[in-house]
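[1] Give me coordinates for this.
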Amino acid sequence: DVPVNSVSFGQVSYCLLKEIFNRGIDVSLFLRGQPDLSAFDADEEFVADMNAATTRGALDHDRNKDKSFKLWHINGMMESFAAENYGYTFHETSEVTPVELNILRNQRKVFVSSRYTQEVFEGSGLTNVVYCPLGFDYHHFKPLENDDFDDRITFGLRGKLEERKHTIKILKAWGKKYGNNFGYHLDCSIFNPFLDPKGQHELIAQHFGGEIPENINFLPLQPKNADYNQSLNAVDIDLTGMSGGEGFNLPCFQSLCLGKWAVVLNAHVHKDFATEFNSVLVEPSGMKDAHDGHFFHKGTVWN
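    A predicted model of the protein is given here:
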């Protein structure tokens, strides 16, 4: 029970299905929402396997005998296609709410992407947690040869524009240090599909006093992984790892796998894959309230 689309949950689901099909494992597939393969280099064999698995789910699935696996947000994990349900989810804060705890407790096993999440869940009393980090998508992401000589040092900032990710703080710090110094360049892929595009740009400009440094470049939404791979390869140093809370942080992980250097907050999931041998590790100064007025709200039953 997974979504297949271009956002992070869909990217992970695609890779899981790709590996399952490569291993010749027959599954009954239930897709969450309409599948969108536009971001992927999906061959005819994958599409055929996905269609066959979807048909198998409709014809042969037995909820009384078969086990069910769901990759999704905690708030939708109580619904399942079987009595015995296994879930994979991502979590970004230091606590779980009582409602989240009850949902997680009702899973046979809960797979998590970071040791930090495992500690948070087990610290709340859960005994069904399994640490299961993600792998590298070598089908879509790979080093590219660059024939152009460029003596600038290029930084990259990825992910949604969001308080949790420290996007504005990172932009302001970089602008203060390197703004309009053309020996340095910052490429930003920080489009948030849940926010108004015009409002995002105005918010960024406001924090720069209306004058965004000319050596900061904002890339449009890159709909295909091949385009995103090119932008990752164009960078020398990734800054996405300065995020304040992540379930995994695919952009930072992908950049490190491509051989890039990174500046990384030495906290939460980053401690699983960022080391002094591939990153500049920045020690956090403390914890911060997650409330941001958009995605995290104080006193609610989620996040």
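
[2] which residues touch Glu95?
    By CB atoms under 8 Å, 6 or more residues apart in numbering, the residues touching Glu95 are 120, 124. Every residue, glycine included, has its C-beta placed from N, CA and C.

[3] before we move on, what about Pro98?
    Residues in contact with Pro98 (CB under 8 Å, 6+ apart) are Val301.

[4] Using neighbour counts, pick out the buried residues of the lowest-mean-pLDDT helix or strand in the chain.
    The least trusted helix or strand in the chain, going by mean pLDDT, DSSP states H and E, turns out to be helix 197-207, with a mean of 85. Neighbour-count burial for helix 197-207 flags 200, 204 (criterion: 16 or more other CB atoms under 10 Å).

[5] by contact count, what packs against that helix?
    With contacts defined as 3 or more CB pairs under 8 Å, 6 or more residues apart in numbering; DSSP states H and E, helix 197-207 has these neighbours: helix 167-178.

[6] Off-centre distance for the least confident helix or strand of the chain?
    23 Å (CA atoms, centre = their mean, to the nearest Å).

[7] tilt between it and helix 167-178?
    In terms of direction (axes from the mean of the first three to the mean of the last three CA atoms, to 10 degrees), helix 197-207 departs from helix 167-178 by 40 degrees.

[8] Could you pull out the strands in the stretch 1-150 of the chain for me?
    Per DSSP state E, counting those that start in this stretch, the stretch 1-150 of the chain carries strands over the ranges 68-71, 85-89, 109-112, 129-131.

[9] between these, which gets nearest to Lys177?
    Across these, Lys177 has its closest neighbour in strand 109-112 (35.3 Å, CB to CB).

[10] what helices or strands is that closest one leaning on?
    Going by 3+ CB pairs under 8 Å, 6+ apart, strand 109-112 lies up against strand 85-89, helix 115-123, strand 129-131.

[11] neighbouring contacts of the host helix or strand of Gln230?
    Assigned by DSSP states H and E, Gln230 belongs to helix 225-233. Residues from elsewhere that reach helix 225-233 (CB under 8 Å, 6+ apart): 11, 39-41, 137, 140-144, 146, 156, 158, 187, 189, 219, 222, 251, 254-255, 258, 260.
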